[in-house]
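Student: model this:
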Amino acid sequence: MIPSASTFPSFAAMKVGVERKDESGRPVLDLMPLRRPVNIEDLLLHTSGITYGFYGEGLVKAAYDGIYLGDFDNAEFVERLAKVPLAEQPRTLWDYGHSIDVLGRVIEVASGQSLYQFEKTHLLDPLGMTTTKFFLTDPVERARYAQPLAKDRHVERNSLDVTRWESGGGGMVSTAVDFARYGQMLLNGGTLDGKTYLTPAAYAAMTTDHIGPGSRATFSITRATVSDLATVSASVPIPAMRCRRRRARSGRSNGTAPPACTSWSTARRTCFSS
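Tutor: Coordinates of the predicted model:
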């Protein structure tokens with residue numbers, strides 16, 4: 001796989017954060033060189049060492065403080081990620097994080113399009129997914145936007161607030177009709193209505209265990225995103241030598257949608273009624 005540093009030169013300077021206690025017992029963070037560069041396959045497998053900064057504890061997590069502030073696009077966000085330490089050496093731990101956001105920028109660089117324009121051209125429009133998008137600007141659609149319950153509200157962006165960030169990892173809204181078409185395409189092995197969206201080789205790769213045998217952590221995710229619009233319940237194998245079950249912020253991982261929702265995004269806690 002092509003190293004990410006060839007696409008993003010700033011990745012060449014990335015370090016791994018290793019936390020330890022100093023003589024006084026205070027935690028300090030040592031920045032260690034990578035054993036090898038992060039590559040595209042690491043990003044696809046969530047084994048790049050790039051984590052999320054909005055849950056968990058430790059100095060690496062703390063280094064993400066402020067990374068989400070302001071209005072930024074995918075190019076700027078990847079540069080921000082390049083400046084924070086990795087949580088692990090590449091390919092040593094399955095760590096659910098911003099790897100997919102980096103892949104969103106890879107698509108932009110390779111295609112010369114914005115992430116949404118690429119998705120719209122190659123997936124959404126051909127599938128007839130006309131209500132799936134990052135931001136709602138039409139007054140009729142905005143009125144149909146299903147708001148989260150008061151106890152589920154948080155500080156992250158929502159699709160009513162138009163920004164420049166088209167996150168590769170989440171943040172889209174959709175409807176049940178669009179959701180169903182995407183899910184049917186996956187159930188068909190990558191085809192729908194006579195059109196092919198995934199080659200047999202790509203579909204096989206997507207449904208193959210790339211992590212290997214060992215300890216297993218079971219999780220359930222429901223996300224209204226281009227890459228994961230269907231409900232996914234999967235047992236993900238984690239290398240036995242390092243098995244870590246990460247818990248998202250309170251209420252974030254239960255996948256429970258308000259009764260009015262027809263599409264629910266656990267990643268962004270937003271939904272869009274049909």
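
Student: and the residue lying closest to K61 once chain neighbours are set aside, which of the three is it?
Tutor: Nearest non-adjacent residue to K61, counting by Cβ to Cβ, 6 or more residues apart in numbering: G53, 5.8 Å away. For glycine as for every other residue, the C-beta is placed from the backbone atoms N, C-alpha and C. Following DSSP: H, G, I helix; E, B strand; the rest coil, the label given to G53 is coil.

Student: is it true that G53 touches G66?
Tutor: No: contact criterion Cβ atoms under 8 Å: G53 and G66 do not qualify, at 9.0 Å.

Student: Neighbour count: the two, which is higher?
Tutor: G53 (20 against 10; other Cβ atoms under 10 Å).

Student: show me the residues around the more buried one that make contact.
Tutor: 61, 63-65, 67-68, 84 (Cβ atoms under 8 Å, 6 or more residues apart in numbering).

Student: Quick check: buried residues in stretch 175-192?
Tutor: 175, 178-182, 185-186, 190-192 (16 or more other Cβ atoms under 10 Å).

Student: what does stretch 125-140 give?
Tutor: Taking 16+ other Cβ under 10 Å as the criterion, stretch 125-140 shows 127, 129, 131-136 as buried.

Student: What ranges does this structure have for its strands?
Tutor: With strands called from DSSP state E, the chain shows them at 15-21, 27-33, 145-146, 191-192, 195-196, 215-221, 232-238, 264-265, 270-272.

Student: Would you mind getting the angle between the second one and strand 15-21?
Tutor: Using axes from the mean of the first three to the mean of the last three Cα atoms, to 10 degrees, the inter-axis angle of strand 27-33 relative to strand 15-21 is 150 degrees.

Student: Note down every partner strand of strand 27-33 and its orientation.
Tutor: Strand 27-33 pairs in its sheet with strand 15-21 (antiparallel), by DSSP bridges.

Student: which residues sit against the strand it pairs with?
Tutor: With Cβ under 8 Å, 6+ apart, strand 15-21 has contacts from 27-34, 49, 58-60, 63, 85-89.

Student: In ChimeraX, how would I select just the buried ones from these?
Tutor: To isolate the buried ones among those in ChimeraX, judged by 16+ other Cβ under 10 Å, type:
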select :29,34,49,60,63,85,86,87,88,89
